[in-house]
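Trainee: Got a sequence here, can you model it:
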Amino acid sequence: MELPPDFLLYVVIGFAAQLIDGALGMAYGVTASSLLLGFGVPPAVSSATVHAAECFTTGASAVSHHAFGNIDRKLFRRLLLPGMLGAGIGAYLLTAIDGDMLKPWIAGYLLLMGVVILFKAFRELVPREVTSHVSTVGFIGALLDAMGGGGWGPIVASNLIARGHELRLTVGSVNAVEFFVTLTASIVFLMTIGTGHVDIVIGLALGGVVAAPFGAWLIRFVRPRVLMPFVGVLVICLSARTLYQSFAG
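Mentor: Residues are numbered from 1 along each chain as shown. Next up, the predicted model:
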C-alpha cells in the first residue's frame, strides 16, 4: 500500500510537537499547527486535524506520565471536570464567536506568565502545592484552548509553575488532563463541524504516540532549574509571535 504524499512529514511534525509538549507541558497544538501552516496546509484543516490527532497523542502522553510517576492526583482531580466543561463550552461557542479575537489578550497574559517563570528560574526554587483557583484556571484554559485552537498547556501549566507548583508534577498532571479536555472538544467539533484529511490525522497521531514516552521520561532527569528557562522562553516567544501576527494582520 502506497503512503499518501507528505505522510512521513506529518509523522515527523507529530513527533516533534509531542516531544516538546511532553517535556514542557505545553505547545503541541501551537507547534503542530505552525509547522503544518508553514508547509502549506490551510488553517481550517490544520486546526481540525491537530485537535483530532491530539486525542491519540494526549492519551499516550497521559499513560506515559502515569507510568513514570509524574502525576499529582489531587491536581489531576481539581483540573479534570472544569477542564472538560470548559472544553465543551468553548468548542460549541467557536461556531458563534471568533476565537482569533481573543488571541491577543491570551497572548498578553501568557507573555506575562513567561516572564514570571523566567524570573523564578533564576531564584531559589521552593516548590509548593498550589490549591487556590486551580479549577478556575482549568476551566478558562480549556475554554480558550477550544475557542482559540490552543492554549491549555501554556495557560494552565504556566500559571501553576509561575505560582510555585513542582514542575515535573505540573507537566505530568496537565498533560494527563489534556487527554480528557481534547477528547471533549473533539467530540463537540465532530458533532458540529466534522473533520477530514485522515492522512494528516494519522500521521500526526502516529508521530505523537511514538514521542510521548520520550517526553515523559525526559522530564524525570532534567532539573527544574535547567528546564524552567526553556519553558519561560518558549512561552514568551510563542506569545510574542501571536501578538505580532494579531497586530501585523
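Trainee: Run through this protein and note the low-pLDDT ranges.
Mentor: Applying pLDDT under 70 to the chain picks out residues 1-3, 43-44, 95, 98-100, 102-103, 124-127, 148-150, 193-196, 224, 249.
Trainee: which residues of it fall in helices?
Mentor: 7-24, 28-38, 43-67, 73-93, 103-121, 134-148, 152, 158-162, 167-192, 198-218, 224-248 (DSSP state H).
Trainee: Now do the first one: distance to the chain's middle.
Mentor: Yep, that's helix 7-24 we're talking about. 12 Å (CA atoms, centre = their mean, to the nearest Å).
Trainee: shift numbering so it begins at 558
Mentor: Let's use 558 as the start, then, which means that last one is helix 564-581.
Trainee: and that helix, what does it pack onto?
Mentor: For helix 564-581, the packing partners by 3 or more CB pairs under 8 Å, 6 or more residues apart in numbering; DSSP states H and E come out as helix 585-595, helix 600-624, helix 724-749, helix 755-775, helix 781-805. Every C-beta, even on glycine, is put in place using the N, C-alpha and C of the backbone.
Trainee: so can I have a markdown table of those helices showing mean neighbour count and distance to residue 690?
Mentor: A markdown table is the format used below for those (neighbours: other CB atoms under 10 Å; distance: least, CB to CB, whole Å):
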| stretch | mean neighbour count | distance to residue 690 |
| --- | --- | --- |
| helix 585-595 | 22 | 23 |
| helix 600-624 | 22 | 23 |
| helix 724-749 | 24 | 15 |
| helix 755-775 | 21 | 27 |
| helix 781-805 | 17 | 19 |
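Trainee: shouldn't residue 795 be in contact with residue 667?
Mentor: Yes: the criterion here is CB atoms under 8 Å, and residue 795 meets it with residue 667 at 7.2 Å.
Trainee: Spell out which residues are contacts of both of the two.
Mentor: Shared contacts of residue 795 and residue 667, defined by CB atoms under 8 Å, 6 or more residues apart in numbering, comprise residue 711.
Trainee: And for stretch 775-786, what's in contact with it?
Mentor: 576, 579-581, 625-627, 674-675, 677-679, 682, 684, 718, 723-725, 728-729.
Trainee: List only those of these flagged as buried.
Mentor: Buried residues within the contacts of stretch 775-786, defined by neighbour count using 16 or more other CB atoms under 10 Å: 576, 579-581, 625, 627, 674-675, 677-678, 718, 723-725, 728-729.
Trainee: Which one of those residues is nearest to residue 742?
Mentor: Among the buried ones among the contacts of stretch 775-786, residue 579 lies closest to residue 742 (CB to CB), at 19.4 Å.
Trainee: list the contacts for the closest one?
Mentor: Per CB under 8 Å, 6+ apart, neighbours of residue 579: 618, 621-622, 728, 732, 768-769, 771-773, 775-776.
Trainee: Phi and psi next, for residue 721.
Mentor: phi 110, psi 0 (degrees, to the nearest 10).
Trainee: I'd like the distance between the nearest residue to it once chain neighbours are set aside and residue 581.
Mentor: For residue 721, ignoring the flanking residues on the chain, the nearest one in space by CB to CB, 6 or more residues apart in numbering is residue 685 at 4.5 Å. Separation of residue 685 from residue 581 (CB to CB, to the nearest Å) stands at 20 Å.
Trainee: where's residue 676 relative to residue 769, distance?
Mentor: 30 Å.
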